[in-house]
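Enquirer: fold the following, please.
(2 chains)
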There are 2 protein chains.
Amino acid sequence: MKACGVIAEYNPFHNGHAYQLAQARKKTQADAVVVVMSGNYVQRGEVAIIDKWQRAQMALDHGADLVIELPFAVACQPADRFASGALQMLATLKCSYLAFGVEQDNFDYQQFIAQIAPKLQQQKFTIDYSKTYATQWNDFLEAELGQRINQPNQLLALSYALANSQLAEPLTFVPIERIGAEHDALQTTSEKFASATAIRQLLLAGDLTTAQQYLPADLTKLSHHWLSWSDLWPLLHYQLTVNWPASLVDIYQMSEGLEYRFWQQNQDSVSFADFLQKVKSKRYTYARLRRLALYTLLNVRTTEIVAAQKQLPQLRVLGFNQVGQDYLHQVRNQDEIKALTRVTADLGKPDGELGLQVRVDRLVEQLTGHEQNFHQRIIIKH
Amino acid sequence: MKACGVIAEYNPFHNGHAYQLAQARKKTQADAVVVVMSGNYVQRGEVAIIDKWQRAQMALDHGADLVIELPFAVACQPADRFASGALQMLATLKCSYLAFGVEQDNFDYQQFIAQIAPKLQQQKFTIDYSKTYATQWNDFLEAELGQRINQPNQLLALSYALANSQLAEPLTFVPIERIGAEHDALQTTSEKFASATAIRQLLLAGDLTTAQQYLPADLTKLSHHWLSWSDLWPLLHYQLTVNWPASLVDIYQMSEGLEYRFWQQNQDSVSFADFLQKVKSKRYTYARLRRLALYTLLNVRTTEIVAAQKQLPQLRVLGFNQVGQDYLHQVRNQDEIKALTRVTADLGKPDGELGLQVRVDRLVEQLTGHEQNFHQRIIIKH
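Expert: Here you go, the predicted structure:
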């Protein structure tokens, strides 16, 4: 059996994602489509609008054969680390292809890697501390490619390409042109397709009728507690209120005086948006600051991330159908890979393989009332 | 000038308190009535229903000449530490008398001290770990006095007596019989007097009309954001959710495995009352557990309490009238005592004399929107 891998957040899973999965299967003729998906927290530093189980169910209902959870220590990271952690998981899962949505599908990733890889090894391009890492990376790409890359999916694809080039057995890239919606676009431009960002806005605004037209899943069957920073802000505000800056320095990525900035600006902030604006500087992107806010909220320590990263690649199964189960079986027979299909007390303890995952998910359990780990069985799609 | 001291919480200040202040002045013929009052958190491990400034204002409006704040490190403590910290402050303030409300005013405190003090020095009476400290203390008193002391004010008075006996210059005790209401009584038994507990229940239930008849202050002039554990529970619930038990052990008084008990029982608790019932055992009183919950909520570390207690006695002035100001002036001339009349940046920093106070008060600022320290001027009653 041959598999095509997909890296996803599905926040939420929409018609464009279903289209992409169908295209991936068609273009690659793979026997199985394997998705590694962020858990309850996503790359840009937010809680996912719907929990990981409902999102995995949607993926299995609409084209995925196997859904594996991207661990928190990979999922809530800058694009380069996100890409390299996810690619390693797909490599462990013996995927032959990587299918990904992109604004235009005629880019030559092989040639790109051949061109820039040696330069990246020679030079550090992050030297200007008045600019964000993202800006400098984009400047570097512009100089190399002779054009500015402004499309977020294209940028992410370049990170995938770089991460892929580090693998012993790189995957074959299968770019799939996105249809009907720009990534992050707030305007919905088609009757059937809209970006996840636009759909989240509709859901949070309570416009379920409009949102429904972009979603393959029946909204009435989903939990209607849409999670967002609105739920989390009072808790972050409190956490920053009862700490001194000095006791925030153990938080992962809390460096360069950001602990003081966070603490100081929290005092007069009236909302999360207000807080983010106040802490923003040229040096940091909003995504970086949102992730740092999330680490603070979840009390994620540097030591925990270091320990969790040592457990990678980690294969936590969220669900499969018969094809996915067979494929996983084949991979496990080949390599004696450990797949985690249930959370035992041992896995979930503080220093257990899923300890960090269990801890950060507890907040989602508190907010939604839905079990996320110990008593949650994996989804078996018939 | 001679002064009579009063130890109070005024949670909230009611007609019984006004009566007590009038009686204190009358019985002692003191020139000044000096009150040391808990700040925003009270002895039984709760946030005060109204902030310290409004409570100090009420006291000054109805019989007090000078109001000093009982620091958090004294106010949120078991009766014995509460009593000894408060008595030390009144001694520093050169008070000649201690007036206190009590269920019956014919008890001989001098004789009581003479009888039990030597025994307390010889024996440790807390040896039975299946009973709370309070129960054992009460058993000891019963054995000594030949009768069970069940009245909370009387019990507190015995703690005052013990603390007083440790002072170089003990104060003269002036018991004042409480009228119209048992302490903690939920039933209101008179047209004008009710316990603070009963009044808090009325306020939290929104029955301001009934509450008003027991209060000398005009309720319409007070902030109507009545604080209670209902405001704090979601925050405590979150805090216990995002920590492992091991990271709770630095919390003040978190001992004997209570960190695991707190963490474990938090998971399925739906309210603060539910949580308290779940963590309760014969070993600990509800007050002890509520205080521990408060320390956890406020992230109060053992090291902070130790440091704060080294700053005692600390005289933070909340307000005065002309008599109170003159009296404070006289005391300061006599002894070069430092009175803190405003919170400077230096006093309020993490290791400053008011650092802990400033930090714990920030949560009240967050919940009420009212400044508690830096920009708050002391009350000058004309």
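
Enquirer: so for stretch A:361-377, what gets flagged as buried?
Expert: Residues of stretch A:361-377 classed as buried under the neighbour-count rule (16 or more other Cβ atoms under 10 Å in any protein chain shown) are A:361-368, A:372-373, A:376. Heads up, the C-betas are built off the backbone N, CA and C, glycines and all.

Enquirer: compute the first-to-last residue distance for it.
Expert: Between the opening and closing residues of stretch A:361-377 we find a distance of 15 Å, counting by Cα to Cα, to the nearest Å.

Enquirer: that one near chain B at all?
Expert: Yes: using Cβ under 8 Å from any Cβ of the partner chain, we find that stretch A:361-377 touches chain B at A:362-363, A:366.

Enquirer: now do the buried residues in stretch A:96-112.
Expert: Residues of stretch A:96-112 classed as buried: A:96-103, A:105, A:107, A:109, A:112 (neighbour count, 16+ other Cβ under 10 Å).

Enquirer: name the helices or strands packed onto the lowest-mean-pLDDT helix or strand in chain A?
Expert: The element with the least model confidence among the helices and strands of chain A, by mean pLDDT, DSSP states H and E, is helix A:109-122, at a mean of 79. The contact analysis (3 or more Cβ pairs under 8 Å, 6 or more residues apart in numbering or on different chains; DSSP states H and E) places helix A:109-122 against helix A:133-145, helix A:152-165, strand A:172-177.

Enquirer: what are the buried residues along that helix?
Expert: Along helix A:109-122, these residues count as buried under the neighbour rule (16+ other Cβ under 10 Å): A:109, A:112-113, A:116.

Enquirer: which one is residue A:192 nearest to, not counting chain neighbours?
Expert: residue A:15 (5.2 Å; Cβ to Cβ, 6 or more residues apart in numbering or on different chains).

Enquirer: measure the one you found to residue A:58 for me?
Expert: Counting by Cβ to Cβ, to the nearest Å, the gap between residue A:15 and residue A:58 amounts to 11 Å.

Enquirer: tell me, what's touching the two both at once?
Expert: Shared contacts of residue A:15 and residue A:58 (Cβ atoms under 8 Å, 6 or more residues apart in numbering or on different chains): residue A:216.

Enquirer: which one's more surrounded, those two?
Expert: Applying other Cβ atoms under 10 Å in any protein chain shown to residue A:15 and residue A:58 shows that residue A:58 carries more neighbours, namely 24 against 21.

Enquirer: enumerate the residues of the stretch 51-200 of chain A near chain B.
Expert: By the rule Cβ under 8 Å from any Cβ, no part of the stretch 51-200 of chain A lies against chain B.

Enquirer: quick one: stretch A:218-226 near chain B?
Expert: No: using Cβ under 8 Å from any Cβ, stretch A:218-226 stays clear of chain B, with a minimum separation of 15.0 Å.

Enquirer: and that stretch, end to end?
Expert: Terminal-residue distance, stretch A:218-226 (Cα to Cα): 15 Å.

Enquirer: as a whole number, average confidence for that stretch?
Expert: If you average the pLDDT over stretch A:218-226, you get 85.

Enquirer: ok so, going back, quick check, nearest of the buried residues of helix A:109-122 to residue B:77?
Expert: Using Cβ to Cβ, residue A:116 is the member of these that lies nearest residue B:77, at 64.1 Å.

Enquirer: ok, that closest one touching residue A:144?
Expert: Yes: with contacts defined as Cβ atoms under 8 Å, residue A:116 counts as touching residue A:144 at a distance of 5.4 Å.

Enquirer: am I right that residue A:319 is in a strand?
Expert: Yes: applying DSSP: H, G, I helix; E, B strand; the rest coil, one finds residue A:319 inside a strand.

Enquirer: which ones are touching it?
Expert: Remark: with contacts taken as Cβ under 8 Å, 6+ apart, residue A:319 is in contact with A:56-57, A:60, A:66-67, A:378-381.

Enquirer: residue A:219 too?
Expert: Residue A:219 makes contact with A:208, A:211-212 under the criterion Cβ under 8 Å, 6+ apart.

Enquirer: where does the stretch 51-200 of chain A have low pLDDT?
Expert: Counting by pLDDT under 70, the ranges of the stretch 51-200 of chain A that qualify are A:121-129, A:180-189.

Enquirer: residue of it closest to chain B, please.
Expert: Evaluated by Cβ to the nearest Cβ, the stretch 51-200 of chain A has residue A:72 as its residue closest to chain B, separated by 12.7 Å.

Enquirer: which ones are touching the closest residue to residue A:364 other than its chain neighbours?
Expert: Of all residues beyond its chain neighbours, the one nearest residue A:364 is residue A:40 (4.6 Å), with distances taken as Cβ to Cβ, 6+ apart. Listed by Cβ under 8 Å, 6+ apart, the contact set of residue A:40 reads A:47-48, A:51-52, A:360-361, A:364, A:372.

Enquirer: same check on residue A:174?
Expert: Contacts for residue A:174 were tallied using Cβ under 8 Å, 6+ apart; they are A:4, A:24, A:27-28, A:97-100.

Enquirer: list the ones among the residues of stretch A:361-377 next to chain B that fall in strands.
Expert: Helix and strand membership here follows DSSP state E; of those, not one is in strands.

Enquirer: ok so, going back, now, the contacts of residue A:174 that are in helices?
Expert: Counted as lying in helices by DSSP state H, out of the contacts of residue A:174, are A:24, A:27-28.

Enquirer: as TSV, these with distance to residue A:164 would be great.
Expert: Formatted as TSV, the entries for these read as follows, by distance: Cβ to Cβ, whole Å:
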residue	distance to residue A:164
A:24	16
A:27	17
A:28	15
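
Enquirer: in ChimeraX, how would I select the buried members of those residues?
Expert: To isolate the buried members of the ones in helices among the contacts of residue A:174 in ChimeraX, using 16+ other Cβ under 10 Å:
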select /A:24,28
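
Enquirer: from the ones in helices among the contacts of residue A:174, pick the one nearest residue B:288.
Expert: Within the set of the ones in helices among the contacts of residue A:174, residue A:24 lies nearest residue B:288; the separation is 60.2 Å, counting by Cβ to Cβ.

Enquirer: now the residue lying closest to residue A:374 once chain neighbours are set aside: phi and psi?
Expert: The shortest distance from residue A:374 to any residue that is not its chain neighbour, by Cβ to Cβ, 6+ apart, is 5.2 Å, and that residue is residue A:343. With angles defined as degrees, to the nearest 10, residue A:343 shows backbone torsions of phi -100, psi 110.

Enquirer: any idea how far residue A:343 lies from residue A:359?
Expert: According to Cβ to Cβ, residue A:343 stands 12 Å off from residue A:359.

Enquirer: ok, now residue A:103?
Expert: 37 Å.
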